[in-house]
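Student: Quick check, what structure comes out for this input:
(chains A and B)
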Amino acid sequence: MDFFLQLLVNGVCVGLLYGISAMGFVMIFKASSVLNFAHGELLALGAFIFLSLVTWGKIPVVAAFLLTLAGCFLLGFVIERFFLRPLIGEKLIFVIMLTVGLAAMFKGLILLIWGGNLHTYPEFLPPSLEMQLGSIYIAPVYSATLVISIVFLILFGLFFKKSSQGIFMRSVADNQKAALSLGVHVRRVFALSWAIAAMVACMSGIVLGIINGVNVHDLSAIGLKVFPVVILGGLDSIGGAIIGGIIIGLLETFTGGYLSPSLRDVVPYIVLVVILMVKPYGLFGLVEIERV
Amino acid sequence: MADILLQLNNISVVYSDVIQVLKGVSLSVTRGHIVSLLGSNGAGKTTTLKAISGLLKPENGEVTDGNIIYAGVNIQNQAPEFITRKGIIQVLEGRQPFKYLTIEENLRVGTATRPGKPYKEDLEMVYRYFPALVKRRKALAGYCSGGELQMLVIGRALMAHPQLLMLDEPSLGLAPLVVQEIFHIIKKINEEHGTTIVLVEQNANMALQVAHYGYVMENGKIVMEGTSGELSDNPDVKEFYLGMAASGMAKSYKDVKSYRRRKRWL
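Tutor: Next up, the predicted model:
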């Protein structure tokens, strides 16, 4: 039973992280219908930038974390401005292929600069984050994950519900033509969704790096896990991304714990196929509002 | 000489480089007036509005000839972000709400042309014009009725403080009483705010009641213009738009002249 609870807690923490990272992916898809295949590489890039800032730059951890987030936010803008904007109005498939190219480019860049070895962050999480709930032990990294995820969720909730920019972003996702007619700056919304997506990808890259160590191939493979997550949650539902993330996180840790660690990357996909056979639009895919 | 807010000089619009929809349309809109644009389906009314508001571009359309002058500035083929910030807001045909946003959030999108400015008073103003929206403010727009949605999209446009408001068939698919209410409010907006309004309508009867001036379009051209009084008295408009037989006599295809006229209209 203790083992079960332990896995449950770890699974939820990792799952929240997947969910938040998938949220970035969903945002780009909702705003511009583009599937971003470079998501995993963005995630890895964040982890490596943070690594450099902490180990080579000797910058305090909190500052390095915020700096990485800001850097990735800018990177998102740059990607949109230089790679995607010239393709506005072209066929969607071109744009999606472009993201595949971006993925290869980023991966090459990371290999060139940091190499393909496994790096680890220095120990920096204060032991006070360690939690002992009865017989369940929560390692500092998992409680940190939990806190960061919840903070991000609340921030995003407020951003999309209350701020004007958040409402403009939702309006573009909802009805682009009407948004244009009211003077919403649609290109700016696209840029902003790339910036936010890059930022949350980097954030999850850093935390996953703390948990598993920093390696290009592992991290970009984890990035691809957004696919089962978002397909499970429904491609266009932000709340669905979070719940899909938690489900995939739980499946993974439970398979790793009870069956075999080598199966943990496979089982989520098998369950995905089964769920999709029952609910082809994902668990929370948009149900078209129809007026009767 | 009246104060001209918007002037279209002989504009042509071509979609996808080959399909010519407007063939030299000229019209002028006096500041503070309601101008209606009438015509059958496919006459080019909506395209004219889109040419003004800059919404042709996303549909691969382009003004290839002539110019559009708004308040002394050339605005043909400009981006909609630019044109809306000049004070021209188009309300699209067929009520295009943001279905997954609440009524109030929908209205807030109307402030996109002046982000960061306070909007509470404007919300109050819209709710004063459309009291029906107040009790639905927290409801998702996707679940509102057609009349509520038409009020919503007009209100949303008002949030932008437009100088020139262009309404594309606000009466489409609405019950006659609702249509009357909406036209009443359109007139009120024009009188109280001095907003210049361009009104595209199939419902010529209603449109000519509120408008000061009118244009009739056909096959991408303006075929007739005049004050609302002149247009409603015109025998052709009467017969083919207002549904009255010419001079009260029974219509007959033997009447060759009438037949020829009809050919021109439909």
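Student: Mind telling me what element the nearest residue to A:Tyr137 once chain neighbours are set aside is part of?
Tutor: Distances taken as Cβ to Cβ, 6 or more residues apart in numbering or on different chains place A:Gln6 nearest to A:Tyr137, at 7.0 Å, with adjacent residues excluded. Yep, even glycine has a C-beta here, placed from its N, CA and C like the rest. Following DSSP states H and E, one finds A:Gln6 within helix A:2-32.
Student: about what we covered before: tally of neighbours for the residue nearest to A:Tyr137?
Tutor: Using other Cβ atoms under 10 Å in any protein chain shown, A:Gln6 has 18 other residues around it.
Student: Likewise for B:Thr46?
Tutor: A total of 21 residues lie near B:Thr46 under the criterion other Cβ under 10 Å.
Student: so who does it touch?
Tutor: Neighbour list for B:Thr46: B:Glu93, B:Asp168, B:Val200 [criterion: Cβ atoms under 8 Å, 6 or more residues apart in numbering or on different chains].
Student: what would those residues look like in JSON lines with distance to A:Gly282?
Tutor: Below are these laid out as JSON lines (distance: Cβ to Cβ, whole Å):
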{"residue": "B:Glu93", "distance to A:Gly282": "33"}
{"residue": "B:Asp168", "distance to A:Gly282": "36"}
{"residue": "B:Val200", "distance to A:Gly282": "40"}
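Student: Settle this for me: A:Arg264 is touching A:Glu252, isn't it.
Tutor: Yes: with contact defined as Cβ atoms under 8 Å, A:Arg264 counts as touching A:Glu252 (4.8 Å).
Student: what about those two, which has more around it?
Tutor: Higher neighbour count among A:Arg264 and A:Glu252: A:Glu252, with 24 against 16, using other Cβ under 10 Å.
Student: residue boundaries of the helices in the chain?
Tutor: Looking at chain A here, since you left the chain open. Listed in chain order, the helices of chain A (DSSP state H) span A:2-32, A:39-51, A:61-79, A:92-114, A:140-162, A:164-174, A:176-181, A:186-212, A:216-223, A:226-233, A:238-254, A:267-278.
Student: Hmm, no, I was thinking of chain B.
Tutor: For chain B, the helices defined by DSSP H cover B:45-53, B:80-85, B:103-109, B:120-129, B:146-158, B:176-193, B:204-210, B:228-233, B:235-240, B:256-265.
Student: Run the chain-centre distance for the third one.
Tutor: In this case it means helix B:103-109. Averaged C-alpha coordinates place helix B:103-109 at 21 Å from its chain's average position (Cα atoms, centre = their mean, to the nearest Å).
Student: before we move on, what about the fifth one?
Tutor: On the basis of Cα atoms, centre = their mean, helix B:146-158 is displaced by 14 Å from the centre of the chain it belongs to.
Student: Please name the residues that touch the spatially closest residue to A:Ala31 that is not a sequence neighbour.
Tutor: Spatial nearest neighbour of A:Ala31, excluding adjacent residues (Cβ to Cβ, 6+ apart): A:Ser193 at 4.3 Å. A:Ser193 sits next to A:Met27, A:Ile28, A:Lys30, A:Ala31, A:Ser32, A:Met169 when contact means Cβ under 8 Å, 6+ apart.
Student: List the residue ranges of chain B that fall below the pLDDT cut-off.
Tutor: Counting by pLDDT under 70, chain B contains low-confidence ranges at B:1-2, B:243-266.
Student: Chain A contacts on that one?
Tutor: Within chain B, the positions near chain A by Cβ under 8 Å from any Cβ of the partner chain are B:53, B:55, B:58, B:80-81, B:84-85, B:89-92, B:96-101, B:105-106, B:108-113, B:115-116, B:140, B:142-143, B:145-146, B:153, B:156-157, B:160.
Student: Surely A:Glu41 touches A:Ser220?
Tutor: Yes: taking contacts as Cβ under 8 Å, A:Glu41 lies within contact range of A:Ser220: 5.2 Å.
Student: higher neighbour count, these two?
Tutor: Using other Cβ under 10 Å as the criterion, A:Glu41 and A:Ser220 rank with A:Glu41 on top: 27 against 22.
Student: Report the contact partners of the residue of the stretch 1-150 of chain A found nearest chain B.
Tutor: Closest residue of the stretch 1-150 of chain A to chain B, Cβ to the nearest Cβ: A:Gly89 (8.2 Å). Under the criterion of Cβ under 8 Å, 6+ apart, A:Gly89 has no contact partners.
Student: and it, backbone torsions?
Tutor: With angles defined as degrees, to the nearest 10, A:Gly89 sits at phi 90, psi -10.
Student: count of residues packed around A:Gly157?
Tutor: Neighbour tally, A:Gly157, other Cβ under 10 Å: 13.
Student: Give me the pLDDT for it.
Tutor: pLDDT for A:Gly157: 86.
Student: Tell me how far it lies from A:Ala22.
Tutor: 16 Å (Cβ to Cβ, to the nearest Å).
Student: ok, now B:Ala79?
Tutor: According to Cβ to Cβ, B:Ala79 and A:Ala22 sit 33 Å apart.
Student: Same question for B:Leu242.
Tutor: As judged by Cβ to Cβ, B:Leu242 and A:Ala22 stand 58 Å apart.
Student: Who has more neighbours out of these two?
Tutor: For B:Leu242 and A:Ala22, the more surrounded residue by other Cβ under 10 Å is A:Ala22, and the numbers stand at 32 against 13.
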